[in-house]
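S.K.: Kindly generate the corresponding structure for this input.
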Amino acid sequence: MRKFLSAFLIVLLIILEINFIFFQKTCAISIPEVEVNPPIIGEVAEYKITFTVNQSIGTTDYIYLVFPPGTLIPCSTCNPTIAASNFTVNGVVPNQDAIGNTAQRSVQLRSPVTVASGGTVVLIIRKGARIQNPPTPGDYQLQVATSMEPSYIPSKPYHIDYSKISSLTVQLESSVIGVQSEYVVSFSTGALGSLESGTDSIFVKFPKEVTIPTTLSANKVLLNGEPGKVKLRNSGNTIELVVLERIKENSPVTIKFTHDFGLINPKTPGQYQLSAWTSKEQTPVNSSFTITDLPEVHTMLVLTPPYPDGLNGWYITQPMVVLVGVSNAPGMVQVYYSIGDPNNFIPYSGPFSIPEGTHTLYYYSSNVSLNLKENVKKETFKISTTPPSIDVNLKDGDVLRSPFFVLSGHINSTNPATLLLNGKNIQVNADGTFSKELTFEQGNNTLQFNLKDESGHEVNLTVTVFVDSVPPKITVSSPTNWQKITTEEVDVKGQTEVGASVKINDTPVTVNADGSFNFTFKIPSKGMYVIKVVATDQAGNESVVSVPVEYSPMRAIQVILNIGSTVAYVNGEMKTLDAPPFIDPKTNRTLVPVRFISEAFGADVQWDGSLKVVTITLNGKVIRLQVGNTQAIVGGTFVSLDQPPVIVNKRTFVPIRFIAEAFGADVQWDETTKTVTIVYKLP
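M.R.: Here you go, the predicted model:
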């Protein structure tokens, strides 16, 4: 009986153990997988955690995480929360913030989604959560549980390491023992691998069997295709390259130690290892290359200039190419090449040039005697010998009447170019055209165009335009509005802005340097008439002044003079005489200035100083007078004067009676005021 009882208890314990193990297996999540980006020590990283649940979870359930020692959770007792926006569960952002605990390195997160039994959970913790990787390289595991499956399950190990370069390769121009060869070292910088100009370095360690030249020439080393971008130092077989241009993180880097640099291959065939690192990513990374003593043929590429003399790997001088075939075995060596077509080679016969543009040169050498041929090599050339040009729809000195202008133009460039207008980029279309809406200020506006192509050619263009959207000012001082005009011709006087042109009733008139104008305008008809004055500035803006006048031809001319006064009136308009009329005390005759009277009537007056003869022509009648002579000729007939003409103050005076008789004018005398009124009736 006791034996039976003991056996029963043993069986019962086994059953309970099996159930316990089964319960554990069925009430726990799968082993989580973890991806860390970047997987670099001490860096804030994004974590992607993937696992499968056996017990479904809903939106009231939690996911629990415990990070390995060294991981920093940036929370405090005062503020333990981590913003929900830094998490997604199966692509959904939680509704509540997560709770973090720095001391326990734990994070507690409420699920925003329902995941059925057997479903997969993809939890992403973004960098914004500020979770920092451990400070020591190594393999790490975090633990995951849910509120439905509370047993913490360690993840698969994930590796945290130093930031370092990657994808290191080395290629040799020739792999033959003991020959001088070009070495091309390529790699990519890592997440923390940005290199600053002048302060950071790249280190390349060659095998001790490679001979390093005694004198290092930086101009014979190309960094990303350009010479002169490094300074060199060496310690043993390690060459330090101080970079002279910034290199970004996660960027490809190519270092070409050219043939002329002078590296010499090991003298023994075998497998060799080259190492590289940077001052920012100091973990050495290795790459292998093979040196052989088998017969070989290879081609040396000699260029003039030896390196791109423009920017970004461009030649701005057309390079001359020389190909030299070399073999370490006896026999005739022939070089073949092709520009652009890897299937159509021609024998090399002498130096040649690469044409403008981007072209790939394919070449190889063959030891004809041994039927030995090297693999085809290629070199891509970017050549731009012609500077770019720019044309725009404005020229220097243009005057615009509107501040709104659509600039358009075209650039010609053999390689990609950047166009700046006053320091700001202008988008250029694939066909070289461009356009941009501009708003100018009133007055002078300067446009500075800078066109620079990828090769380094640069063209500058300055265009100054003047914007004048304001019509020119114009005033008309004579005649005035509604002025009564008695003569057929009227002087139109006024002022406009300097540089403007003026038309009066569509007739261009001369504008003086100060903007003033004076134009004798002939009124075409009697009655009301409008004189239209238009001023146009250089931009084409117009101002118009209309002056209405009444043209009423006068029937007679009235001249009023006062004895002893230089003030006279012609049809009511005051005039100033050079000498006043007077009464001759000897003859008691009233004498008046003949030129003033004659011209007031519209006559032409000529003076012959040698004979002292005055000739007056009015309406076809010719009158001649001679100073000191009492005989005058009127219309071809001699006429006697009761007193001869005299000269006073260089002016000829005649008796007023002669004026009345010669011109057929009516003369009135006012003894009281000593006033002479002469009225000449127009024919």
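S.K.: mind checking the end-to-end distance for stretch 568-579?
M.R.: Counting by C-alpha to C-alpha, to the nearest Å, you get 11 Å between the two ends of stretch 568-579.
S.K.: which residues touch it?
M.R.: 486, 554, 557-562, 565-567, 593, 596, 600, 648-651, 653 (C-beta atoms under 8 Å, 6 or more residues apart in numbering). Bear in mind the C-beta positions are built from the backbone N, C-alpha and C, glycine included.
S.K.: Quick check: the residue nearest to residue 565 when sequence neighbours are not counted vs residue 625, distance?
M.R.: Counting by C-beta to C-beta, 6 or more residues apart in numbering, residue 565 lies nearest to residue 580, which is 5.2 Å off, once chain neighbours are set aside. For residue 580, the distance to residue 625 (C-beta to C-beta, to the nearest Å) stands at 20 Å.
S.K.: neighbour-wise, which of these two wins?
M.R.: residue 625 (23 against 19; other C-beta atoms under 10 Å).
S.K.: and the contacts of stretch 568-579, which of them are in strands?
M.R.: Under the assignment DSSP state E, the contacts of stretch 568-579 contribute 557-562, 567, 593, 648, 651, 653 to strands.
S.K.: Are any of the residues you listed buried, and if so which?
M.R.: 557-562, 593, 653 (16 or more other C-beta atoms under 10 Å).
S.K.: From the residues you listed, pick the one nearest residue 362.
M.R.: residue 557 (104.3 Å; C-beta to C-beta).
S.K.: so how far is residue 571 from that closest one?
M.R.: Separation of residue 557 from residue 571 (C-beta to C-beta): 6 Å.
S.K.: What of residue 681?
M.R.: Computed as C-beta to C-beta, the residue 681 to residue 571 distance reads 13 Å.
S.K.: Equivalent analysis for residue 328, please.
M.R.: Distance, residue 328 to residue 571, using C-beta to C-beta: 121 Å.
S.K.: Then residue 528?
M.R.: With C-beta to C-beta as the criterion, residue 528 and residue 571 are 21 Å apart.
S.K.: ditto for residue 40
M.R.: 107 Å.
S.K.: More neighbours: these two, which one.
M.R.: residue 40 (20 against 13).
S.K.: ok, residue 352 touching residue 319?
M.R.: No. If you go by C-beta atoms under 8 Å, residue 352 and residue 319 don't touch, sitting 9.9 Å apart.
S.K.: nearest spatial neighbour of the residue positioned nearest the centre of the chain, skipping sequence neighbours?
M.R.: Taking C-alpha atoms, centre = their mean, the centroid of the chain lies closest to residue 420, which sits 1.7 Å from it. Spatial nearest neighbour of residue 420, excluding adjacent residues (C-beta to C-beta, 6+ apart): residue 450 at 4.3 Å.
S.K.: check which helix or strand covers that neighbour.
M.R.: strand 443-453 (DSSP states H and E).
S.K.: Dump that strand to PDB, keeping only the CA atoms.
M.R.: In PDB, the C-alpha atoms belonging to strand 443-453 read as follows (Å, rounded to 0.1, in the frame of the first residue of the first chain):
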ATOM      1  CA  GLY A 443      13.700 104.600 -59.100                       C
ATOM      2  CA  ASN A 444      16.800 102.700 -59.800                       C
ATOM      3  CA  ASN A 445      16.800  98.900 -59.300                       C
ATOM      4  CA  THR A 446      20.000  96.800 -59.600                       C
ATOM      5  CA  LEU A 447      19.900  93.200 -60.700                       C
ATOM      6  CA  GLN A 448      23.000  91.200 -59.900                       C
ATOM      7  CA  PHE A 449      23.100  87.900 -61.800                       C
ATOM      8  CA  ASN A 450      25.700  85.200 -60.900                       C
ATOM      9  CA  LEU A 451      25.900  82.100 -63.000                       C
ATOM     10  CA  LYS A 452      28.300  79.500 -61.900                       C
ATOM     11  CA  ASP A 453      28.600  76.000 -63.400                       C
END
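S.K.: Look at residue 200 and report its pLDDT.
M.R.: Looking at residue 200, its pLDDT is 96.
S.K.: Identify the spatial nearest neighbour of it, chain neighbours not counted.
M.R.: residue 279 (4.7 Å).
S.K.: Next: residue 28.
M.R.: residue 151 (4.6 Å).
S.K.: Three-state assignment for the one you found, please.
M.R.: coil (DSSP: H, G, I helix; E, B strand; the rest coil).
S.K.: Tell me where this structure has helices.
M.R.: All helices of the chain, identified by DSSP state H, fall at 2-26, 594-600, 656-663.
S.K.: Confidence-wise, which of those helices is weakest overall?
M.R.: Across those, helix 2-26 has the smallest mean pLDDT, namely a mean of 49.
S.K.: so what's residue 449 closest to, chain neighbours aside?
M.R.: Excluding the flanking residues, the one nearest residue 449 by C-beta to C-beta, 6+ apart is residue 461, at 4.1 Å.
S.K.: Tell me how the protein divides into domains.
M.R.: Listed by automatic domain parsing, the domain ranges of the chain are 27-160, 166-291, 297-383, 389-467, 474-551, 556-681.
S.K.: Report the mean per-residue pLDDT for the longest one.
M.R.: This points to domain 27-160. 94.
S.K.: gap between stretch 113-130 and the chain center?
M.R.: Here the centre of stretch 113-130 is set off from its chain's centre by 48 Å, with C-alpha atoms, centre = their mean, to the nearest Å.
S.K.: same thing with stretch 671-683?
M.R.: On C-alpha atoms, centre = their mean, the centre of stretch 671-683 falls 80 Å from that of its chain.
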